[in-house]
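Asker: what follows is a protein structure lacking sequence information:
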């Protein structure tokens, strides 16, 4: 059979991931902060895009002011008779211009002129403090405010742990070499206030004797907060006890055997410390009052509040009203007028056409993102209606496939939409992933239970147990079985460890010790 080259024409369909399609997929899983950053970058590259914040102020770029549109009221800044109202007229003082005549007339009719009552006193005058008036006029919301203020600009700065210690070092150390050693030790503190440095290496770096570093360190350990510059938990607790004058031999032996205290081995602790049960309880009470992390009171970063993407509230007809949070939805506008005016000149027509296409695609992608989030959130609320009414105990098992089939979308799309998105409900603020939990089978073929609801039941059972009747994992399994939840003992142990709940033996020791402490 001879080999030959032939030319065939074939028609086929295939899915191609274009850059625009990849961009739309990436927009789904972005948070509102990441989305605003992405849009800001696009606005810088595209002259036809215009970013409008949700606070009512126009963003930079080719605004609507260039198109001749006005952002005033319905009368466009004119009075009822068509005359222009100047800013001076709008901002005039109503007290002086309008109500002064009415006040004089009322005083004359009602005989309420205080100048007749106190003739020796000067008539009341309106005194204005210039600096206070200027401050009031510059406050947000006033007519003469140049711009809105951010309240965070007026918050006092938080002092750090290192700044707090540096303020005390000049009073604790006199010589300059000692202060240099102290500064190097301060720089090697972690966020908890522990010293992460080797004395020998520090002495070799500074060219001094290790004894000098130890002497400076002993002085630094007397600074505030108590327990700072410790190299271990035992040393941290010992420093605080020494400052309270409670570091006796029995307490010293207790500090040296903290692993026994962690295991709640009170019998061995009594023998090691040479004290009875009452003294041991008093020592444990003092240990609980100490701070194991002295530097934790000093903030190292700024905690930011989570802004919900979806808001759910009860409607008047008994249903749930699902809305997208307008604060997380950026407004992106395409300036068609600017494109038309520049296209008439004939310069860079290809570039402007590409910018217009990208701008239209971005606006459509943002609109599709909002619609997809609304569909997913509405379906989640419909599926978890019992949770919104009754709480965590009524949380239903739910997976991505159930929501995807209901809204006729792919599971990957639902997964991207629910990533790093939060929903504000009457029950609190929850991540959308919170509503997707594993299904746990029920006893005798009943309705399945959510894994999160089962964990909540385990947590409540352990919280309600008494010191004399601590529940083991087998007891929890039997209790859950009576309420219709079929669960294995190893699963209960796994859930308990995931919630950082100790075993029944450790809980029994701790609860009995706490009960005795409360009795004393």
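Answerer: Perfect, thanks for sending it. Given the structure is predicted, the values throughout are model-derived calculations rather than measurements. Numbering: from 1, shown residues only.
Asker: contacts and neighbour counts: CA atoms only from here.
Answerer: Fine.
Asker: got any ranges where this structure has weak pLDDT?
Answerer: 1, 53-157, 299-304, 346-347, 443-447, 513-514, 516-520 (pLDDT under 70).
Asker: you'd agree residue 313 is in a helix?
Answerer: No - going by DSSP: H, G, I helix; E, B strand; the rest coil, the assignment for residue 313 is strand, not a helix.
Asker: and the contacts of stretch 487-503?
Answerer: Applying C-alpha atoms under 8 Å, 6 or more residues apart in numbering, the external contacts of stretch 487-503 come out as 440, 441, 455, 458, 459, 472, 473, 474, 476, 477, 480, 481.
Asker: for the first one, phi and psi?
Answerer: With angles defined as degrees, to the nearest 10, residue 440 sits at phi -110, psi 130.
Asker: look up the closest residue to it, ignoring the ones flanking it.
Answerer: Spatial nearest neighbour of residue 440, chain neighbours left out: residue 449 (5.0 Å); criterion: C-alpha to C-alpha, 6 or more residues apart in numbering.
Asker: what's the local residue count around that neighbour?
Answerer: A count of nearby residues for residue 449, using other C-alpha atoms under 10 Å, gives 23.
Asker: go ahead and confirm it touches residue 397.
Answerer: Yes - with contact defined as C-alpha atoms under 8 Å, residue 449 counts as touching residue 397 (6.1 Å).
Asker: can you check which residues contact both of those two?
Answerer: Common contacts of residue 449 and residue 397, defined by C-alpha under 8 Å, 6+ apart, comprise 439, 440.
Asker: and the host helix or strand of residue 37, which residues are buried?
Answerer: Following DSSP states H and E, one finds residue 37 within helix 32-45. Neighbour counts over helix 32-45 (16 or more other C-alpha atoms under 10 Å) mark 32, 35, 36, 39, 40, 42, 43 as buried.
Asker: so which of the residues you listed comes closest to residue 292?
Answerer: Using C-alpha to C-alpha, residue 32 comes nearest to residue 292 of those, at 37.7 Å.
Asker: wait, a strand at residue 323?
Answerer: Yes - judged by three-state DSSP, residue 323 forms part of a strand.
Asker: so what's the residue count around the residue nearest to it when sequence neighbours are not counted?
Answerer: Excluding its sequence neighbours, the residue lying closest to residue 323 (C-alpha to C-alpha, 6+ apart) is residue 311, at 5.3 Å. Other residues near residue 311 come to 18 when the count uses other C-alpha under 10 Å.
Asker: quick one: residue 311 and residue 425 touch, right?
Answerer: Yes - counting by C-alpha under 8 Å, residue 425 is a contact partner of residue 311 at 6.4 Å.
Asker: so residue 424: helix, strand or coil?
Answerer: Classification of residue 424 by three-state DSSP places it in strand.
Asker: make 18 the first number, not 1, from now on.
Answerer: Got it, first residue is 18 now, which makes that one residue 441.
Asker: not counting sequence-adjacent ones, nearest residue to it?
Answerer: Of all residues not flanking residue 441 in the chain, residue 328 sits nearest, at 4.8 Å (C-alpha to C-alpha, 6+ apart).
Asker: and that neighbour, how far from residue 345?
Answerer: Taking C-alpha to C-alpha, to the nearest Å as the measure, residue 328 falls 11 Å from residue 345.
Asker: who are the packing partners of the helix or strand encompassing residue 270?
Answerer: Taking DSSP H and E as the definition, residue 270 sits inside helix 266-273. On a contact count with 3 or more C-alpha pairs under 8 Å, 6 or more residues apart in numbering; DSSP states H and E, helix 266-273 meets helix 250-260, helix 283-290.
Asker: again, 10 Å this time
Answerer: The contact analysis (3 or more C-alpha pairs under 10 Å, 6 or more residues apart in numbering; DSSP states H and E) places helix 266-273 against helix 250-260, helix 275-279, helix 283-290, helix 294-305.
Asker: okay, those, which one's buried deepest?
Answerer: Of all these, helix 250-260 carries the top mean neighbour count, a mean of 19, counting by mean count of other C-alpha atoms under 10 Å.
Asker: quick one: list the elements packing against that one.
Answerer: If contacts are counted by 3+ C-alpha pairs under 10 Å, 6+ apart, helix 250-260 sits against helix 266-273, helix 294-305.
Asker: distance to residue 337 for the ones you listed - can I get that in a markdown table?
Answerer: Listed next are the helices and strands packed on helix 250-260 as a markdown table, based on distance: least, C-alpha to C-alpha, whole Å:
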| stretch | distance to residue 337 |
| --- | --- |
| helix 266-273 | 56 |
| helix 294-305 | 46 |
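Asker: out of those helices, nearest to residue 37?
Answerer: helix 294-305 (58.6 Å).
Asker: tell me how many other residues surround the closest residue to residue 290 other than its chain neighbours.
Answerer: Leaving out its chain neighbours, the residue that sits closest to residue 290 by C-alpha to C-alpha, 6+ apart is residue 267, at 5.0 Å. Neighbours of residue 267 under the rule other C-alpha under 10 Å: 18.
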